[in-house]
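[1] Could you work out the structure for the sequence below:
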Amino acid sequence: MKSSNILVPILGLVLLFSSWVGSVVAQNPKRNTLYKDSKQPMNVRIKSLVDQMTLKEKIGQMAQLDRLQATPEIMRDYSIGSLLSGSGFGAPNFNFSASPQDWVDMVNEYQKGSLSSRLEIPMLYGIDSVHGHNNVYKATIFPHNVGIGATRDPELLKRIGSATAIETRATGIPFAFSPCIAVCRDPRWGRCYESYSEDHKIVEEMTDIILGLQGDIPLHGRKGVPFIGGKDKVVACAKHFVGDGGTTKGINENNTVLDWHQLLSIHMPGYYHSIIKGVSTIMISYSSWNGEKMHTNQNLVTRYLKDTLKFRGFVISDYQGVDRITTPWSFNYSNSLLRAVNAGIDMVMAPPNATEFLDIMTSHVMNKSIPMSRIDDAVKRILRVKFSMGLFENPLADYSLVDQIGTQTHRDLAREAVRKSLVLLKNGKDDQKPLLPLPKRTSKILVAGTHANNLGLQCGGWTITWQGLNSNNLTTGTTILNAISTAVDPSTEIVYSIDPSVESLKGNNYSYAIVVVGEPPYAETFGDNLNLTIPEPGLSTMINVCKTIKCIVVLISGRPLVIQPYLPLMDALVAAWLPGAEGDGVADVLFGDYGFTGKSPRTWFKRVDQLPMNVGDKHYDPLFPFGFGLTTKPTGAI
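    Now for the predicted structure:
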C-alpha cells in the first residue's frame, strides 16, 4: 500500500517528463538530423524529415510565392517551399540593370529566412530562363525555341542548356522554368515561338536541353528519377502539360479538342522523353482538354503522368493557374484549390498569399477533403528534388559564377545558334542566279526596316520584361545593322533608314538593300493573332524598297506571317525567327562566311484561312512546306 502510494506520483512524473521530452524534440529538430546527412539514402532522408514536419510546414512547402508577396520572415514562419521572380518585376529593387551580385544577395536574403525556420528547410528559387537567363541585364540572349527547332541540332541545344544553367546559377537561382515542349499546331497562338516545331519528333529531340540544364544522368543512374548534376546546373521544368499547343484557333489558354490517340501521339511524347532524361519538375497548362481544365485533370496528372509514366519529380501549377480554373479568376478559390491538389498538383505557383493558402489547405485536410496521403506525396516529391540537387548541403549562393554572365564563349554559342537557325526561303528571282551570299565589297548598301537596329525587337518577348521591349537599352548585344557594318568591307558605304521614302530610294545607285522587318515583341495571350500580317510601317517599307531596289528581306517573327502577295517583289527572303541579341549570326550567313542550313520547323501557309495546317494533313497546300530551306555554301565572299 505504501509502495503503491509512492508509485503513483512517480508514474506521473515519468509521464510528465516524457511529454516534456517529446515537446522539446518537436521544437528542436537537431535531435534528429538524419535528413541532413548526405550519405544517407534518399528515402531515409525524406522519411526522416517528413516524419518531423507539422501539417503547417508541409503545406508551406507546397507554396511557391511570387517574391513580391514574400519577406524573409514569411519564409521562416510558414516554411515556404519556393519563390519565383515574375518576369519584369522580380529583379532586385525593380532595377532592370541589377548586377549578378545584387541577384545573389536578394536570393540569399530570402534563403536565410527559410534556413531560420524550425526545420531549416531551404527554399527553391525559380525564374523563367527560357532563351538564356533572359531576365538579367547583360545575360546571353539565345534565339527563341522556334529558331532552335530550325537548326535540327539537339547537341547545340544541349550546349545552350549548359550555358543557360551557368548564367542562371550565377545569380543564385537554381530553378529554371524551361523547356517549353509544346507542339504548336497553329501559328495564331501567341506562344508559338516558344515551341520548337509543329512536329512532335523534333520536340522530342530538343528535350536534350534538359541534359544541358540539369546534367547528364550517370551511366548507372535510374531513368525517370530527378537528377541535377552540380552547382552549375539547375532544376529544369517541362511545360505545359499537356496539349497547350493544340488549342482551337490557337487561342491561348483555350480548349484542345482531340481524341486520346491524338493527344498521346502529338502532345505527349515530349513528356515521356523529358522524364527519361531526368526532368525534375513538370508545369501544368492553363488550357483544357476536351473541356476539362488541365489543372483539375486527375486522370492525366496523377493516373497518367505519375502512375503510368512514373514521373518522380514534382508537378507545379502555372502562374495563378489555380485561380484560372474558374471564370472570373479566383471565383471560389477554395474549391479550385481542392480540385487542383487532388488532381495531383504538388506545388501551387503564386497563391493569393501565404496565410490564405495555409488556412484553406488546412481546412481541406482537417475536413478530409484532401487526404493526408496526398499532402505527404506532394511534400516527398518536393523534398526529393531538393535533396537531389544538394540544396540542403549548399543552400546559399556565392559570387563564384558572377563573371559567367554574358561571357564571350556564351555569346559565340548564341551567334552559332543564330546562323544555324536562319531559313532561306527564296534566293533570287531566277533560280539560276542566286543572290546570296552577298558581296562584302560593293559601292553602297541600303539597310532599312523597323527591326534592323533594335535589340528589343530582335529578341522578342520574355526578354528583361514579360512582354519584351521595343528598345535598344534593355540588354547588351549586336543589332543586325551593327553586324552588317562590321561584316562588309570598310570601303562599302552603308546607308541606314528605318522607313525611307520612295523618292529617297531613286537615283541613289544602291547595289542592294537589306530590309529587316517583322513582329513587335509579345508574350502569351498578347501575342494571339488571327491575321498574322506584317505590321506597319514594316510592310510598306518592304514593298517600297523591294519595288525599287534589289532586296533581301530578313523577317523577324515568332511564326510564319502572310508573305505570299509580296514574294514576287523580293529577290531573297530569310526567316530569322526571333534570333536574340547576337545579330552577327545573321551577317555571318548573309555574307557567306557560313552557309544557310536551317530547315523550317513549321509549315508556311499561303493564307490564314488555311489554318490550322500541319505536315501530314490531308489537304496540305503550303507556300513553303515543313522542312523547307534552301542551302548555300560558305564562300568567304568579298
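
[2] Might one say that Ser497 is in contact with Glu503?
    No. Judged on Cβ atoms under 8 Å, Ser497 makes no contact with Glu503 at a distance of 12.0 Å. To be clear about C-beta, it is placed using only N, CA and C from the backbone, and glycine gets the same treatment.

[3] neighbour count winner among these two?
    A count of neighbours by other Cβ atoms under 10 Å puts Ser497 above the other of Ser497 and Glu503, at 16 against 7.

[4] which residues touch the more buried one?
    Leu446, Val447, Ala448, Ser504 (Cβ atoms under 8 Å, 6 or more residues apart in numbering).

[5] how about the strands in the stretch 501-638 of the chain?
    512-518, 551-556, 572-577 (DSSP state E, counting those that start in this stretch).

[6] Reformat those as TSV; add distance to Pro351, mean neighbour count and mean pLDDT.
    Shown next, in TSV, are the strands of the stretch 501-638 of the chain (distance: least, Cβ to Cβ, whole Å; neighbours: other Cβ atoms under 10 Å; pLDDT from 0 to 100):
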stretch	distance to Pro351	mean neighbour count	mean pLDDT
strand 512-518	38	26	98
strand 551-556	38	26	98
strand 572-577	36	26	99
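
[7] looking at these, which is closest to Ile59?
    Nearest to Ile59 among the strands of the stretch 501-638 of the chain is strand 572-577; the distance by Cβ to Cβ comes to 42.8 Å.

[8] Return the list of strands paired to that closest one, each annotated with direction.
    Note on strand 572-577: by DSSP bridges, its sheet partners are strand 423-427 (antiparallel), strand 551-556 (parallel).

[9] right, so of these, which gets closest to Val574?
    Closest approach to Val574 among these (Cβ to Cβ): strand 551-556, 4.8 Å.

[10] tell me the angle the closest one makes with strand 512-518.
    Computed with axes from the mean of the first three to the mean of the last three Cα atoms, to 10 degrees, the direction of strand 551-556 lies at 20 degrees from that of strand 512-518.

[11] about what we covered before: kindly reformat the strands of the stretch 501-638 of the chain as CSV containing distance to Gly190.
    CSV is the format used below for these (distance: least, Cβ to Cβ, whole Å):
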stretch, distance to Gly190
strand 512-518, 15
strand 551-556, 16
strand 572-577, 15
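
[12] Which among those is found nearest to Lys420?
    strand 572-577 (11.3 Å).

[13] low pLDDT regions in the stretch 1-150 of the chain?
    Residue ranges of the stretch 1-150 of the chain with pLDDT under 70: 1-31, 87.

[14] Now with 90, please.
    1-32, 86-89, 94, 96 (pLDDT under 90).

[15] those helices in it, which residues are they?
    Secondary structure of the stretch 1-150 of the chain (DSSP state H, counting those that start in this stretch): helices at 2-27, 42-50, 55-61, 72-78, 100-115, 145-151.

[16] residues in contact with the second one?
    Defining contact as Cβ under 8 Å, 6+ apart, one finds that helix 42-50 is touched by 32, 34-37, 40, 58, 119, 121, 376, 379-380, 383-384, 387-388.

[17] for the strands of the stretch 501-638 of the chain, which one sits closest to Lys158?
    strand 572-577 (19.6 Å).

[18] before we move on, what SS does Arg324 have?
    helix (DSSP: H, G, I helix; E, B strand; the rest coil).

[19] List the residues that contact it.
    Going by Cβ under 8 Å, 6+ apart, Arg324 touches Glu253, Tyr286, His295, Asp318.

[20] swap in Leu590?
    For Leu590, the contact set (Cβ under 8 Å, 6+ apart) comprises Leu436, Pro437, Leu438, Ile484, Ala487, Ile514, Ile552, Val554, Val574.
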